[in-house]
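Q: got a predicted structure here, sequence first:
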Amino acid sequence: MKSTKLIKKLIPLIVLALGIFAWHFITSNPPQQRRGGPPEVAKISVSVTRLEPQTFSVDVASYGVVRPRTQSTLSSQVGGQIVEISEAFRDGGFFEQGDVLVRIDDRDLKAAVQSASATLEQAKQALQEEVARGQQALEDWQTL
């Protein structure tokens with residue numbers, strides 16, 4: 001039991017003695033500084049080349065989706081069979097306003113115009129008949 005009490009009292013004294021020894025060693029051996037001429041300059045070998053401007057192409061392989069800057073939707077105002085397609089009407093093609101891109105067979109359009117004209121004439125005739133009936137009804141009303 002006495003030996004454990006003795007060890008507990010000696011450990012702090014040993015640590016204190018080691019600390020004092022380390023402090024004395026560090027203070028008595030400061031780092032050596034070299035005093036003298038300027039520091040040595042590292043010698044580097046350099047080679048020089050004069051640059052000349054040149055044109056060259058760079059190939060870059062990549063993956064992705066290419067989207068157009070502008071996208072247009074074309075739709076016809078009439079139906080019919082396509083009879084002619086312009087050279088500009090292709091993927092990536094350029095065209096201006098008013099350029100003819102596609103020609104459609106106009107026989108269906110002409111038939112539709114004639115049918116509409118006939119329907120218009122029938123409607124005009126029906127209107128005249130109704131106007132005449134209205135006048136006849138007015139005259140009959142006045143005679144009664």
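A: Done, it's in.
Q: C-alpha only now, for contacts and for neighbours.
A: OK.
Q: okay, now Val48: neighbour count?
A: 5 (other Cα atoms under 10 Å).
Q: center of the protein, which residue is that?
A: Most central in the chain under Cα atoms, centre = their mean is Arg67, positioned 8.4 Å from the mean C-alpha point.
Q: secondary structure class of it, three-state.
A: coil (DSSP: H, G, I helix; E, B strand; the rest coil).
Q: repeat that for Gln135.
A: Once three-state DSSP is applied, Gln135 turns out helix.
Q: what do you get for Glu139?
A: Once three-state DSSP is applied, Glu139 turns out helix.
Q: from Ile104, how far off is it?
A: 54 Å (Cα to Cα, to the nearest Å).
Q: more crowded one of these two?
A: More crowded of Glu139 and Ile104, by other Cα under 10 Å: Ile104, with 16 against 11.
Q: hang on, that one packs against Val83?
A: Yes - with contact defined as Cα atoms under 8 Å, Ile104 counts as touching Val83 (5.6 Å).
Q: show the pLDDT at the residue of the chain positioned farthest from its centre.
A: For the chain, the C-alpha farthest from the mean C-alpha position belongs to Lys2; by Cα atoms, centre = their mean, that distance is 84.2 Å. pLDDT, Lys2: 73.
Q: what does the one 3 residues further on give?
A: Note on Lys5: pLDDT of 82.
Q: equivalent analysis for Phe56, please.
A: At Phe56, pLDDT is 88.
Q: distance check, it against Arg133.
A: Distance from Phe56 to Arg133, by Cα to Cα: 88 Å.
Q: equivalent analysis for Ser75, please.
A: 46 Å.
Q: neighbour count winner among those two?
A: Counted by other Cα under 10 Å, Ser75 and Arg133 do not tie: Arg133 has more neighbours, with 12 against 7.
Q: quick one: the helices in the chain?
A: 2-28, 107-143 (DSSP state H).
Q: got these as CSV, with distance to Pro39 columns?
A: Converted to CSV, the helices of the chain look like this (distance: least, Cα to Cα, whole Å):
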stretch, distance to Pro39
helix 2-28, 27
helix 107-143, 97
